[in-house]
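> need a structure here:
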Amino acid sequence: MPIPIVDSHIHLFPASHLPTLAWYDPESPLGSQHSVGEYRLATSSTSATSDTSDPTYLRGFIFLETDRISSIEEDGKGWSHALDEVSLLTRIITGTPVPGEGHHDKDRHLCLGFVPWAPVPGGSAALQKYMGLMRERTKTEDVWKKLRGVRYLFQDKPKGVMLQDDVIEGLKWLGREKLVFDLGVDARQGGFWQLREAIEMMRRAYDGVEEDEKVVIVINHLCKPNLRLPDASPASVTTHPEFLEWSALITAMAQYPNTYMKLSGGFSEFLPVSSAPEPDIDSLVERIRPWSDVVFDTFGAERVMFGSDWPVCNVGGGGNAVTWRRWKSIVEGILEKRQLTDEQERGIWGGVAVKAYSVEI
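Okay, the predicted model is just below:
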């Protein structure tokens, strides 16, 4: 039976929206249109020796917010750019593009769910107001039901933000509303304090909350570990202080059954590879294996999901023509080494994301 892939982490932005992105620079390798058309090209990429026995197919994706210029307060442009992103997703889902946006009516089935920005540090009051404005933008119930959660990036915020009372209250509100929270922290560039703070945030968000009201937290990109340690041999990696600390913190996150981990983001943490020649996929699998083994050992295959982090993955992975396929091959190698059951593999490719985000395929 064919295995449907649910890509649990992609970003989309037309060229007309580039000035509204907080990270945008005309010289950035991502500083051009990356919409559904470009994503289709990326996911249709094949190797020189195409494997016709591949049992998987792309069923669709979960869209993640793209870090628009925003603020917790609504004043001025604080929420407008993020809400414009919701309008973009509405047009994608309904198949009603603005000319030049890079998507068509035939693409409407691909977006299985979307996770927009939301002012989580504003607490429940700000979230309720913002949700009302998002509902106006989505226009129809068919679009609204695909709003599966929110994200507010903590990886570039000062110490202490995750532990603010309003953040904890906001997470509890999301749990009551059955909305997922996507957590973005960065061990390599941001520091391990981000992971420690996230663990304390989880403890407070779950403390005293009924089981059916606990917020589902989907952790992005393995928390961005340092995959660039100079000696990549397993013996060296697994005894390295950075690996040991990361491993202990991941284990602490996994203790909460409402947390999931995305097997994504590797090409942002590897040393960059070129578009040609083809990199040694087996060696990349071996480089990431100590880290992915910790994730599987702590979360279990039932709480790990595939994500590409497209188009961010293109920057380190060799470009749009090859990177999505390369990451998929790396994940295939990881799963093969784990000797998982067919059911577990189907889950990682799509079933876990379907469960965590409560989407329909």
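> contacts and neighbour counts: CA atoms only from here.
OK.
> ok, and the helix or strand in this structure with the lowest average confidence?
Of all the helices and strands that make up the chain, helix 234-237 has the lowest average by mean pLDDT, DSSP states H and E, namely a mean of 95.
> residues in contact with the helix or strand that it is followed by?
Next in sequence after helix 234-237, counting helices and strands by DSSP states H and E, comes helix 241-254. Here helix 241-254 makes contact (CA atoms under 8 Å, 6 or more residues apart in numbering) with 187, 192, 195-196, 199, 202, 225-226, 237-238, 259-260, 291, 294-295, 298-299.
> Go through helix 241-254 and flag the buried ones.
242, 243, 246, 247, 249, 250, 251, 253, 254 (16 or more other CA atoms under 10 Å).
> any chance of those residues in JSON lines, plus pLDDT?
Output for the buried residues of helix 241-254, formatted as JSON lines (pLDDT from 0 to 100):
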{"residue": "242", "pLDDT": "98"}
{"residue": "243", "pLDDT": "98"}
{"residue": "246", "pLDDT": "98"}
{"residue": "247", "pLDDT": "98"}
{"residue": "249", "pLDDT": "98"}
{"residue": "250", "pLDDT": "98"}
{"residue": "251", "pLDDT": "98"}
{"residue": "253", "pLDDT": "98"}
{"residue": "254", "pLDDT": "98"}
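> Turn the residues you listed into a markdown table, including distance to residue 53.
A markdown table is the format used below for the buried residues of helix 241-254 (distance: CA to CA, whole Å):
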| residue | distance to residue 53 |
| --- | --- |
| 242 | 39 |
| 243 | 36 |
| 246 | 37 |
| 247 | 36 |
| 249 | 39 |
| 250 | 35 |
| 251 | 36 |
| 253 | 37 |
| 254 | 35 |
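> What segments of the stretch 51-200 of the chain are helices?
80-94, 123-138, 141-144, 165-176, 192-206 (DSSP state H, counting those that start in this stretch).
> Show me the one of the ones you listed that comes nearest residue 273.
Residue 273 lies closest, by CA to CA, to one member of the helices of the stretch 51-200 of the chain: helix 192-206, at 26.1 Å.
> And the contacts of the following helix or strand past that closest one?
Later in the chain than helix 192-206, the nearest helix or strand by DSSP H and E is strand 217-219. Applying CA under 8 Å, 6+ apart, the contact partners of strand 217-219 are 180, 181, 182, 183, 184, 258, 259, 260, 261, 262, 356.
> How about stretch 17-26?
Contacts of stretch 17-26 (CA under 8 Å, 6+ apart): 31, 32, 33, 66, 67, 68, 69, 70, 81.
> again, only using 10 Å
13, 30-34, 66-70, 77, 80-82, 84-85, 88, 101 (CA atoms under 10 Å, 6 or more residues apart in numbering).
> Make a PyMOL selection of whichever of these turn out to be buried.
A single PyMOL command selects the buried members of the contacts of stretch 17-26 (16+ other CA under 10 Å):
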select buried, resi 13+30+31+32+33+34+66+67+68+69+70+80+81+82+84+85+88+101
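> thinking again about what came up before, could you identify the buried members of the contacts of helix 241-254?
187, 192, 195-196, 199, 202, 225-226, 237, 259-260, 291, 294-295, 298-299.
> hang on, the earlier thing: mind checking which of the helices of the stretch 51-200 of the chain is nearest residue 109?
Per CA to CA, nearest to residue 109 of those: helix 80-94, 7.0 Å.
> Read off the pLDDT value for the closest residue to residue 135 other than its chain neighbours.
Nearest residue to residue 135, sequence neighbours excluded (CA to CA, 6 or more residues apart in numbering): residue 144, at 6.5 Å. On the pLDDT scale, residue 144 is placed at 98.
> Equivalent analysis for residue 77, please.
pLDDT at residue 77 comes out at 83.
> Look up how far residue 68 lies from it.
10 Å (CA to CA, to the nearest Å).
> With residue 266 instead?
The value you get for residue 266 to residue 68, if CA to CA is used, is 23 Å.
> One more: residue 313?
Note on residue 313: its distance to residue 68, by CA to CA, is 19 Å.
> now do residue 335
Distance from residue 335 to residue 68, by CA to CA: 34 Å.
> got it, and residue 203?
Going from residue 203 to residue 68 by CA to CA gives 29 Å.
> repeat for residue 123
20 Å.
> Residue 126 too?
For residue 126 relative to residue 68 (CA to CA), the value is 18 Å.
> Then residue 336?
38 Å.
> repeat for residue 141
Note on residue 141: its distance to residue 68, by CA to CA, is 25 Å.
> cool, and residue 15?
14 Å.
> again, but for residue 258
Counting by CA to CA - residue 258 and residue 68 are separated by 28 Å.
> now the longest helix along the chain: mean pLDDT?
Counting by DSSP state H, the longest helix found in the chain is helix 281-299. Average pLDDT, helix 281-299: 98.
> pLDDT of the helix or strand just after that helix, averaged?
Sequence-wise, the next helix or strand downstream of helix 281-299 (DSSP H and E) is strand 304-306. Per-residue pLDDT values over strand 304-306 give a mean of 99.
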